[in-house]
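K.L.:
The sequence and its predicted three-dimensional model are supplied below.
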Amino acid sequence: GAGVSQSPSNKVTEKGKDVELRCDPISGHTALYWYRQSLGQGLEFLIYFQGNSAPDKSGLPSDRFSAERTGGSVSTLTIQRTQQEDSAVYLCASSLRPGGNYGYTFGSGTRLTVV
Amino acid sequence: GENVEQHPSTLSVQEGDSAVIKCTYSDSASNYFPWYKQELGKRPQLIIDIRSNVGEKKDQRIAVTLNKTAKHFSLHITETQPEDSAVYFCAASKGAKGNTPLVFGKGTRLSVIA
């Protein structure tokens, strides 16, 4: 596509429920990144994919968080048993190649609210 | 791992004045330093970047400087305009030396007062 698409744009869920966030990167971009942005905070790295593999999962905050990428394209970030502290904007970005030498294109994010 | 510190957290300037935002990084192997602008309610967008083989880069009213010895880099915006009001993030990575993701600073909220 022309840009990075994320869905849903907003998600309100009850504490304890599971949620799935979707990211559709720019066609041909091999690297895909997930970041989390809490209110007034910076961009916290979660995980990145090179193709379908995830060389770096170091940012996932707990084992309730997981992500996958299929076909070198769409990625899904899953949060199980959501907690109120999971409330944040989840941003996805893609770049032509891995390695920060290539600029990231961000999606508009999914605003997750856990009530 | 890499750690990026950014200052100030908020900055207010009069329209037409200059704004400077400073960042420091911890990993001497980092060699790619981009800056992103995030307007209210919108996605971060790359505005300028610099690689460690240069000390300064300029694009119209925006310039970035890099001091590898001191491990700090700065964003300079001249002749500020109200549309420059946004949150600015610096970032660092090892780029081609390693497939490491960007590590971001916590951001600077710039307000340009007309």
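P.N.:
Right, received. Where do you want to start? Numbers count the residues shown, from 1 in each chain, chains lettered A, B, ... in the order given.

K.L.:
Enumerate the beta-bridge partners assigned to residue 66.
P.N.:
Going with chain A. According to DSSP bridges, the partner residues bridging residue A:66 are residue A:78.

K.L.:
hmm, I had chain B in mind actually
P.N.:
residue B:73.

K.L.:
any idea of the pLDDT on it?
P.N.:
For residue B:66, the pLDDT comes out at 96.

K.L.:
Do you know the pLDDT at the residue of chain B found nearest chain A?
P.N.:
Nearest residue of chain B to chain A: residue B:93, at 2.8 Å (CB to the nearest CB). Where C-beta positions appear, they are placed from N, C-alpha and C, glycine not excepted. pLDDT recorded at residue B:93 is 89.

K.L.:
ok, now residue A:40?
P.N.:
For residue A:40, pLDDT reads 71.

K.L.:
List the contacts of it.
P.N.:
Residue A:40 makes no contacts at all, as judged by CB atoms under 8 Å, 6 or more residues apart in numbering or on different chains.

K.L.:
In three-state terms, how would it be classified?
P.N.:
The three-state assignment at residue A:40 reads coil, by DSSP: H, G, I helix; E, B strand; the rest coil.

K.L.:
how close does it get to residue A:12?
P.N.:
Going from residue A:40 to residue A:12 by CB to CB, to the nearest Å gives 20 Å.

K.L.:
what does residue A:33 give?
P.N.:
Residue A:33 sits 25 Å away from residue A:12, going by CB to CB.

K.L.:
Compare neighbour counts for those two and give me the winner.
P.N.:
residue A:33 (27 against 12; other CB atoms under 10 Å in any protein chain shown).

K.L.:
Who are the packing partners of the helix or strand harbouring that one?
P.N.:
Using DSSP states H and E, residue A:33 sits in strand A:31-37. Other elements packing on strand A:31-37 under the criterion 3 or more CB pairs under 8 Å, 6 or more residues apart in numbering or on different chains; DSSP states H and E are strand A:43-50, strand A:75-79, strand A:88-95.

K.L.:
Since that was my last question, I'll sign off now.
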